[in-house]
Each structure stands twice: as structure tokens, then as C-alpha cells.
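Q: Give me a model of this one.
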Amino acid sequence: MGEDTNRRAWLIGGGVAGAAAAGVAAWWLTRTETPDYSLVLKDGAIEVRAYGALPIAEAVHDGDRDAALGKGFRALADYIFAKSRVGEKIAMTAPVIADRAGDKWRTRFVLPAQYRDLTPPEPTGGEVTTTTLPARRVAAIRFAGRADDALLAEREAELRDWLGSYGLKPTGPAEYAFYNAPFVPGPLRRNEVLLPVASIY
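A: Reported below is the predicted structural model:
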């Protein structure tokens, strides 16, 4: 009897905790600006999107993916929260985008939409640079989980196969987009692999 009661309490507690985590994750993401895009095509978890030009801040570091992106995230966080420069703070957006830059890794924050018309604060120290990502079209596959190298490679292969079924080839290397705060459990996370494409027609 006592064991059954404890088991039920554990299951109920786990359900409540899971619901709370899901609520926090949804709340965080709905309060975080994400880039606008036009949906060109949708096929299950895969979308083709058209993005306008995006203002970004970026940092490039060596090391394995996790280590390099950790360095990049810290450098960019110090930039937007005005810890490494003077001036006002910049609001955090989603996603954080990562891609290969030669034998290094590049981490990118998309800056709020206001910086399409305004010049972003000048970074100091040389670790962070600001630029504009030109308007483009990308294919994206969305998935949950802890985005380790194996999962990213699996989803990238799936997206490449999908493009191949349309007779399309990516016009650039893969990018990896991460939408959630670190406290969000893996099953509730939103991750994406992005591949730039010229057209779907």
C-alpha cells in the first residue's frame, strides 16, 4: 500500500514538474524575439523559409563544438548585456546560431529587429563583431532533444535527403539553431538544422 502510494506520488510529482517545465519553456520562448520569415513550403518537421536581412553579432573560437560555442555564447552575452562595452543593454533573442568557420566554430546572436535600421553598439576587445546576414532562403528541420553531435548529424542527413528528393542542393554549409534557455529539459527543446537553398522550384 505504502509503496503504491509513493509510486503514485512520484508519478504525480513528475507530471507536475514536467508541466511546469513545459510552461516555463513556452513562456520564455514567447517572450523572446525571433526573426520573422515567410513560409515557402512545409512538409512535417521540415520548412523552407525566406528570411529578410538580419543584423547579427558573432564570435569565432577554436576547440570542439561545445567548448567553442560556450566561449562564443559568453562573449556574445557579455556584448549584449553591456559587460564588455559601454552603452545600453540589448535584448536577448532566439535562436543562437552556430556553424563551422574553417577549422573553428562561429556563434551568432540575431540582434533585435530595431537594429535593421539602427547601428548596433560597437563591440570592444576584438572578440565580437557585428554584421548583417543578407536576405536568403533556407530549409530547416525542427527537432527536440539534447543536440549532441550525433543528433545534429542525423537530422542534417535527413534534411539533405529531403532536399535531394526535390533535386536540390544546399548553397552553403549547415547551420545549427538553438532556441531555448539552458534550463529547458531536452524533450522540450527546440533545435533546428538549417541549410541555405537557392529555390525550391
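Q: tell me the domain ranges of the chain?
A: Segmentation of the chain into domains, based on automatic domain parsing, reads 2-49+135-197, 53-133.
Q: Make a markdown table from these and add mean neighbour count and mean pLDDT to it.
A: Yep, even glycine has a C-beta here, placed from its N, CA and C like the rest. Below are the domains of the chain laid out as a markdown table (neighbours: other C-beta atoms under 10 Å; pLDDT from 0 to 100):
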| stretch | mean neighbour count | mean pLDDT |
| --- | --- | --- |
| domain 2-49+135-197 | 15 | 82 |
| domain 53-133 | 16 | 96 |
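Q: is it true that residue 177 lies in a helix?
A: No: under DSSP: H, G, I helix; E, B strand; the rest coil, residue 177 falls outside any helix and is assigned strand.
Q: Looks like it contacts residue 140 (just checking).
A: Yes: in this structure residue 177 lies within contact range of residue 140 using C-beta atoms under 8 Å: 7.5 Å.
Q: what touches both of these two?
A: Contact with both residue 177 and residue 140 is made by residues 192-194, according to C-beta atoms under 8 Å, 6 or more residues apart in numbering.
Q: Surely residue 146 and residue 188 touch.
A: No: assessed by C-beta under 8 Å, residue 146 is found out of contact with residue 188, at 11.0 Å.
Q: So which of the shared contacts of residue 177 and residue 140 sit within helices?
A: For those, not one is inside helices, with DSSP state H as the criterion.
Q: Tell me which of those residues fall in strands.
A: Those of the shared contacts of residue 177 and residue 140 mapping onto strands are 192-194, per DSSP state E.
Q: would you list these in CSV and tack on distance to residue 184?
A: Shown next, in CSV, are those (distance: C-beta to C-beta, whole Å):
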residue, distance to residue 184
192, 15
193, 18
194, 20
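Q: Name the nearest of those relative to residue 49.
A: residue 194 (8.6 Å; C-beta to C-beta).
Q: give the contact list for the closest one.
A: 97, 138-140, 174-177.
Q: how about the strands of this protein, start to end?
A: 37-43, 46-51, 54-61, 96-101, 104-110, 129-133, 136-143, 175-178, 191-197.
Q: Residues in contact with the fourth one: which ones?
A: If I follow you right, that is strand 96-101. For strand 96-101, the surrounding residues in contact (C-beta under 8 Å, 6+ apart) are 56, 60, 65, 69, 72-73, 76, 105-110, 173-178, 194.
Q: please redo it, this time with the cut-off set to 7 Å
A: For strand 96-101, contacts defined as C-beta atoms under 7 Å, 6 or more residues apart in numbering pick out 60, 69, 73, 105-109, 173-178.
Q: what do you get for stretch 80-88?
A: 57, 78-79, 89-90, 92, 109, 121-125.
Q: Okay, and which of these map to helices?
A: Per DSSP H, the contacts of stretch 80-88 map to helices at 78-79.
Q: Can you add distance to residue 50 and give the contacts of stretch 80-88 back as a markdown table?
A: Shown next, in a markdown table, are these (distance: C-beta to C-beta, whole Å):
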| residue | distance to residue 50 |
| --- | --- |
| 57 | 23 |
| 78 | 32 |
| 79 | 28 |
| 89 | 30 |
| 90 | 25 |
| 92 | 24 |
| 109 | 21 |
| 121 | 29 |
| 122 | 30 |
| 123 | 29 |
| 124 | 35 |
| 125 | 35 |
